[in-house]
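Peer 1: Give me the fold of what follows.
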Amino acid sequence: MLIDGEVVTDPEVEPVAVRRRLGLVFQAYNLFPHLSVLDNVALAPVRAHGIGRDAARERGRELLARFGLRDREDDYPDRLSGGQQQRVALVRALATEPRALLLDEITSALDPELVGEVLAVVRDLKAGGMTMLIATHEMGFAREVADSVCFLHDGQIVERGAPADIFTAPEQPETQRFLARLLEARRL
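Peer 2: Reported below is the predicted structural model:
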């Protein structure tokens, strides 16, 4: 894996330095329940990046406003909907100004109504040029937004290509079976 031309998977590379250049959004939000929304967002810039508390909070407020959460900065995570919590998790990841985002099944814990809300945020990030590696079961979204798609089977990449190629003419039997099951499920 390369970030800014550096092979970051090399064992000689300092992993903490790599992590500081990435933003990670988990499937289950992983917000700190004892911290307000703004404190959740400002924590990493202060603790991991040495940004001053006031500057981190101001950046956090700007990002929260950008994602429709400005009025929720003093709330605690349990006062937010699932979609709002996932947007806070995205804002928290962006607060460190990462070079790339890693998004792990960010819609799987959401009800269908909130999925669209979170995917709209990811679309906006892509439109703004953010590099993202997304693990998802949202195939329509992957087809629409991805530059490249990898199909994983048993933890291995078995097929990689342009979304149009993968979704219309997959070459590998595992990919073909998976997509056939999706089409069958839609017919039910």
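Peer 1: Might you list the low-confidence residue ranges for this structure?
Peer 2: Applying pLDDT under 70 to the chain flags the ranges 188.
Peer 1: how many neighbours does the residue lying closest to Phe32 once chain neighbours are set aside have?
Peer 2: The shortest distance from Phe32 to any non-neighbouring residue, by C-beta to C-beta, 6 or more residues apart in numbering, is to Asn40 (5.6 Å). Every residue, glycine included, has its C-beta placed from N, CA and C. As a burial measure, Asn40 scores 25 neighbours (other C-beta atoms under 10 Å).
Peer 1: Quick check: Asn40 touching Tyr76?
Peer 2: No: Asn40 is beyond contact range of Tyr76, at 9.1 Å (criterion: C-beta atoms under 8 Å).
Peer 1: is the residue nearest the centre of the chain in a bridge, and if so with what?
Peer 2: Central residue of the chain (C-alpha atoms, centre = their mean): Leu103, 2.7 Å from the mean position. For Leu103, the beta-bridge partners are Val25, Ile134 (DSSP bridges).
Peer 1: list the buried ones in stretch 131-140?
Peer 2: Residues Met132, Ile134, Thr136, Glu138 are the ones in stretch 131-140 that count as buried (16 or more other C-beta atoms under 10 Å).
Peer 1: Measure how buried the nearest residue to Glu73 once chain neighbours are set aside is and give me the count.
Peer 2: Closest residue in space to Glu73, ignoring its immediate chain neighbours: Leu38 at 4.0 Å, by C-beta to C-beta, 6+ apart. By the criterion of other C-beta under 10 Å, Leu38 has 21 neighbours.
Peer 1: Can you give me the distance of Leu38 to Asp54?
Peer 2: Distance, Leu38 to Asp54, using C-beta to C-beta, to the nearest Å: 12 Å.
Peer 1: Break down this protein into its strands, ranges please.
Peer 2: Along the chain, counting by DSSP state E, strands occupy 2-3, 6-7, 22-25, 100-104, 131-135, 149-153, 156-161.
Peer 1: what's near enough to touch Thr107?
Peer 2: Shown in contact with Thr107 (C-beta atoms under 8 Å, 6 or more residues apart in numbering): Gln86, Leu114, Val115, Val118, Leu119, Thr136, Glu138.
Peer 1: repeat that with 6 Å
Peer 2: By C-beta atoms under 6 Å, 6 or more residues apart in numbering, the residues touching Thr107 are Val115, Val118, Glu138.
Peer 1: neighbours around Gly116, how many?
Peer 2: Neighbour tally, Gly116, other C-beta under 10 Å: 12.
Peer 1: for the contacts of Thr107, which one is nearest Gly68?
Peer 2: Among those, Val118 lies closest to Gly68 (C-beta to C-beta), at 11.7 Å.
Peer 1: quick one, what contacts Phe167?
Peer 2: Arg143.
Peer 1: quick one: it from Val16, how far?
Peer 2: Between Phe167 and Val16 the computed distance is 38 Å (C-beta to C-beta).
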